[in-house]
Structure formats: structure tokens, C-alpha cells
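1. sequence and predicted structure are below.
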Amino acid sequence: MDYLNLKNDISKKISVIIPIYNMEKYLTECLNSILTQTLIDIELICIDDGSTDRTKDIVKQYQTQNKNIILLEEAHEGVSCARNLGINCSNGEYVIFMDADDYYTDKNVLAELYYTADKQGSSICGGNMKSVPLNKIDLKFKEYGWIEFAEISSYCGFTRYLFKREMLISHQIYFPQYRQYEDAVFLVKAMACAKRFFAIDKIVYNYRIIPKHIRWTTTGLIDIIQAMTEILNIAKNECWTKLYQDTVAEFNKMYLFTVYKKIISDDDYRLYCLFMNFQKMIKDASTYMHSDLVEYSLGKSEMQKKLNEIDRKKEEINDMVSKYNIILIYGAGYIGNLVFAQIKSNIKNKSFNFVISDKDKNFKNIKIINDFIEKKDECFVIIAVTERYRNELEENLKKLKFKNYIAIDAIKWQYIKYCNENEVKCL
């Protein structure tokens with residue numbers, strides 16, 4: 001269907017664009033948080049990407065009572081196609097993006113963003129972002145008002161920003177066809193166009209963390225390298241040194257060893273060539289962007305040596321863990337699942353449990369750490385979270401008098417801190 005013919009001349013203040021795919025569990029909360037906004041003159045554009053559950057039926061049910069909801073359909077073409085279709089079909093002066101499992105913090109979010117952007121004449125306006133169920137402010141501006149993007153150089157949290165639709169259309173700013181980091185490329189392109197944005201001192205967006213295990217494919221890693229290449233090229237052209245350095249640092253931390261492993265195990269020539277070109281690009285720019293890949297220009301034999309070192313570190317961690325009967329993985333997100341998959345495959349006949357700090361409706365089947373206080377001497381706790389939350393969880397273990405625990409860097413597979421009744425070891 002030619003959805004562009006659905007576009008009308010009735011302008012709206014904001015178009016909220018929501019790609020939806022098998023989100024029946026969370027969609028109601030998401031839609032309610034939009035429909036109860038005090039800013040009345042808005043439209044919701046839901047793009048169903050081939051859902052097989054009740055997602056589409058839920059939207060149609062809401063349409064019977066809300067004339068400002070538009071439902072578009074695609075045949076599982078991906079989130080980038082869905083968002084781009086939403087941009088082209090939107091009637092709003094501004095557009096904002098929402099993921100179907102997230103929701104706004106209160107009913108005044110869109111009004112505050114819109115009237116601030118309108119008053120200031122800003123093409124981009126944003127606020128702070130909170131993760132749930134952790135209830136932590138993950139993305140918070142250090143100052144408010146007009147901010148040059150070069151000062152923050154962060155490509156995270158595109159859903160907390162309002163974008164002038166005319167700017168996106170006239171400069172052809174769309175989401176690239178990647179499965180990873182497509183939102184980061186979009187945000188960096190928009191910021192490169194606007195140069196600055198207006199920040200408000202308000203938490204505007206709740207980002208829901210859903211535990212899941214990611215198995216990296218060659219295609220996924222290729223998408224990451226291509227997306228980061230785009231970001232690095234924009235950063236270089238704009239002289240955004242901090243963005244350049246942070247992007248390279250994130251690749252080093254999150255993906256470098258995974259790429260090594262994939263190149264060695266799959267012997268994929270395309271990934272290898274793309275990665276070598278990626279390294280060369282960073283090396284060539286390192287003199288004026290002051291950034292470099294870890295162990296630049298490794299060949300396959302050097303990559304294998306690095307992987308062997310990681311395997312040795314995994315063995316060391318497995319030896320620490322295997323001495324205990326009850327193993328608690330403190331953290332139920334991506335890193336927790338990564339740790340569980342690795343350790344469970346090597347250690348048999350042990351009791352494994354995910355634990356979190358507090359009860360939460362989104363983690364109904366996961367116990368809290370306090371449930372194991374009476375057996376704490378039999379437990380070994382693996383702190384498996386990002387660096388941001390690591391110290392907080394360790395302090396909680398000390399408060400509850402757990403003596404046996406380890407904090408793991410699950411990317412490089414090395415322990416950051418190892419503690420038992422007799423010793424404490426730190427890297």
C-alpha cells in the first residue's frame with residue numbers, strides 16, 4: 001500500500017512514531033502514557049512489523065476510541081524501515097520516537113518538550129532518561145538550556161529527544177538499514193545538522209530493561225562496524241574528538257574480542273576485511289583524533305593468542321566458582337545472561353540463581369538477594385552488571401554480610417575483584 005497517500009494537510013504539534021512487533025505484554029502501558037498527555041494536538045503512528053501475537057489487535061481496539069492513532073503495516077522489514085515510514089507519513093511539526101515496551105514518565109512530557117522547543121526555536125529538544133525496573137537515571141544532562149552536541153557527544157537515548165520534522169525531511173535524515181546502532185547513526189546525523197539542542201531539567205522517558213541473551217551473528221557484527229564507521233566519519237568531519245574517542249572505546253570494550261572470535265571460528269572473509277579496514281581508518285585518524293584500537297592491526301594468529309588468553313581467564317573464574325554449591329548471578333540483564341551461559345556450560349551439578357536487589361513486577365520469577373541471607377556462607381555471588389552499577393551491588397553485599405563474591409568484566413572475561421573469607425584480590 002502507498003501509505004504516503006494517507007498523509008493529510010491537518011498539521012499536528014507532535015507525531016509519536018512507534019514501531020511495534022509482538023509487544024502485547026507492554027503495549028497498553030505505552031499507549032496509555034501517550035494518550036493521557038496534556039498536549040492534545042498529537043498523533044500516534046504505530047507501524048506493525050509483522051506481529052504474530054495480539055499487538056495489532058490492541059492498536060485497532062484503541063483506534064475505536066482514539067481518532068488520532070494511525071496503524072501502518074509492514075512485512076517484518078525491520079525497525080529502521082518502520083521508523084522511516086513513520087517519518088514520511090507524519091503530520092507533526094515535530095516527531096518523537098517511542099519503543100513499544102517503554103513509556104513516558106508523566107502526562108506533561110510532550111507539552112514541556114514541545115512548548116520549550118517552540119519558544120526557543122530549537123530543532124532538537126530533549127530531557128533525561130530513566131531505566132526501569134532499576135529506577136536509575138541512566139542519561140542525565142550535566143547542564144540545561146542550549147547545549148552544543150560537541151560538549152556531550154553521546155549517541156545514546158534518541159527517544160528522549162524531540163526532532164523538527166522539516167529538518168529531518170529536508171536533510172534526508174533517516175535510519176540506516178542496520179540491525180544494530182541504527183538509532184545512534186540517526187541521532188548523530190541529526191545533531192550534526194542542528195549542531196546544538198535545548199535540554200530541559202526533567203526525566204521524560206522510562207526505558208524498560210528486558211533480560212535477554214544476545215547471540216552475535218556475523219551479520220550483526222558487520223552492522224555494528226558499518227554503523228560505527230558512519231559515526232566515526234561524522235565525528236571526524238565535525239571535529240568531535242570526544243565522540244570519536246568514546247565510540248572507539250565502546251567498540252574495544254563491547255565488541256573487539258567478539259569480532260576476533262567470529263573471524264577465527266567462522267573464517268568469514270567479509271567480516272575480516274571490513275574489520276581490517278575499520279582498524280586502518282582509526283589508525284590513520286589517530287594522530288589528530290587521539291584514539292586507537294586496542295592491539296591495532298592484529299592478524300589472525302595474534303587474534304587467536306588473545307582468545308587463548310581469554311579462555312585462560314575463564315578457567316580461572318570457573319575454578320573460583322566451582323568451590324561453592326549455590327551460585328548467585330547478581331544481575332538479570334544482558335551481562336548476567338552472558339555470564340550464566342558461559343559458567344553453566346562448564347560447571348555441572350550446582351544450583352544457579354539469578355538475583356536482583358528488590359522485587360519488581362517485570363522480574364516476577366527472579367528472587368532477591370535477601371532471600372539467600374540465611375545461606376550466605378554456602379553462596380558464591382557473581383556481580384554481573386555494567387560498571388555503572390557494580391559498586392552499588394558490592395556495597396549491598398557487604399551490608400548483607402555476603403563474604404564470597406566476584407565482580408566480572410564479562411567482555412574481557414576477567415575478574416575485577418574477588419572476595420572470600422580469607423582474601424581479597426583486585427586487578
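-> Arrived safely, thanks for sending. Being a predicted model, the structure only gives us computed values, none of them experimental. Numbers count the residues shown, from 1 in each chain.
2. how about low-confidence regions in the stretch 251-400 of the chain?
-> Scanning the stretch 251-400 of the chain for pLDDT under 70 picks out the ranges 288-300, 306-307, 360-364.
3. all strands for it, in order.
-> In the stretch 251-400 of the chain, strands defined by DSSP state E, counting those that start in this stretch lie at 326-330, 351-356, 367-368, 379-383, listed in chain order.
4. check the stretch 51-200 of the chain too.
-> 69-73, 92-97, 103-104, 124-132, 136-139, 145-148, 161-164, 196-208.
5. for residue 38, which of those is the nearest?
-> Ranking these by distance to residue 38, with CB to CB as the measure, places strand 103-104 first at 11.1 Å. (Glycine included, C-beta is placed from N, CA and C.)
6. what lines up beside that closest one in the sheet?
-> Strands that pair with strand 103-104, judged by DSSP bridges, come out as strand 196-208 (antiparallel).
7. next helix or strand past the strand it pairs with?
-> Using DSSP states H and E, the helix or strand that follows strand 196-208 towards the C-terminus is helix 218-238.
8. go through that following helix and flag the buried ones.
-> 220-232, 234-236, 238 (16 or more other CB atoms under 10 Å).
9. most neighbours per residue, which of the strands of the stretch 51-200 of the chain?
-> Per residue and on average, the most neighbours among the strands of the stretch 51-200 of the chain fall to strand 161-164, with a mean of 26 (mean count of other CB atoms under 10 Å).
10. rewinding a little: tell me which of the strands of the stretch 251-400 of the chain sits nearest to residue 42.
-> Distance to residue 42, taken as CB to CB, is lowest for strand 351-356 among these, at 35.2 Å.
11. could you report the neighbour count for residue 393?
-> For residue 393, the tally of surrounding residues (other CB atoms under 10 Å) stands at 21.
12. excluding its backbone neighbours, what's nearest it?
-> residue 383 (5.1 Å; CB to CB, 6 or more residues apart in numbering).
13. enumerate every residue touching the one you found.
-> Listed by CB atoms under 8 Å, 6 or more residues apart in numbering, the contact set of residue 383 reads 330-331, 390, 393-394, 397, 405-408.
14. can I get the buried part of the residues you listed as one ChimeraX selection?
-> Buried members of the contacts of residue 383 can be picked out in ChimeraX with the line below, counting by 16+ other CB under 10 Å:
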select :330,331,390,393,394,397,405,406,407,408
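15. residue 145: which of the contacts of residue 383 is nearest?
-> Out of these, the member with the shortest distance to residue 145 (by CB to CB) is residue 390, at 32.5 Å.
16. want to throw the contacts of residue 383 into TSV with distance to residue 311?
-> Conversion of the contacts of residue 383 to TSV gives the following (distance: CB to CB, whole Å):
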residue	distance to residue 311
330	24
331	23
390	24
393	27
394	26
397	28
405	23
406	18
407	20
408	15
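17. helices - which of the contacts of residue 383 land there?
-> Using DSSP state H, the subset of the contacts of residue 383 located in helices is 390, 393-394, 397.
18. list the residues that contact residue 354.
-> The neighbours of residue 354, taking CB under 8 Å, 6+ apart as the test, are 211, 328-329, 331-332, 336, 340, 366-367.
19. just residue 142 next, same as before
-> For residue 142, the residues meeting the contact criterion (CB under 8 Å, 6+ apart) are residue 152.
20. can you name every helix or strand that the helix or strand encompassing residue 250 contacts?
-> Mapping residue 250 onto the secondary structure by DSSP H and E places it in helix 241-254. Packed against helix 241-254, as judged by 3 or more CB pairs under 8 Å, 6 or more residues apart in numbering; DSSP states H and E, are the following elements: helix 218-238, helix 269-289.
21. residues making contact with the first one?
-> In other words, helix 218-238. Under the criterion CB under 8 Å, 6+ apart, residues 150, 153, 155, 176, 178-182, 184-185, 188-189, 192, 240-241, 243-244, 247-248, 251, 255, 258-259, 262, 266, 268, 270-271, 274-275, 278, 281-282, 285, 289 lie in contact with helix 218-238.
22. could you pick out the buried ones from those residues?
-> Buried by 16+ other CB under 10 Å: 150, 153, 155, 176, 178, 180-182, 184-185, 188-189, 192, 240-241, 243-244, 247-248, 251, 255, 259, 262, 268, 271, 274-275, 278, 281-282, 285, 289, out of the contacts of helix 218-238.
23. re the thing from before, among the strands of the stretch 251-400 of the chain, which is nearest residue 202?
-> Set against residue 202 and scored by CB to CB, the strands of the stretch 251-400 of the chain come closest in strand 351-356, at 27.3 Å.
24. next, the buried residues of the closest one.
-> Along strand 351-356, these residues count as buried under the neighbour rule (16+ other CB under 10 Å): 353-356.
25. pick the one among the residues you listed closest to residue 86.
-> Of all the buried residues of strand 351-356, residue 86 sits closest to residue 356, with 34.3 Å by CB to CB.
26. what's across from the closest one in the sheet?
-> Each beta-bridge partner of residue 356 is listed here: residue 368, as defined by DSSP bridges.
27. so it touches residue 329, yeah?
-> No. Counting by CB atoms under 8 Å, residue 356 does not reach residue 329; the two are 10.0 Å apart.
28. which residue ranges form the helices in the stretch 301-427 of the chain?
-> Per DSSP state H, counting those that start in this stretch, the stretch 301-427 of the chain carries helices over the ranges 334-344, 387-399.
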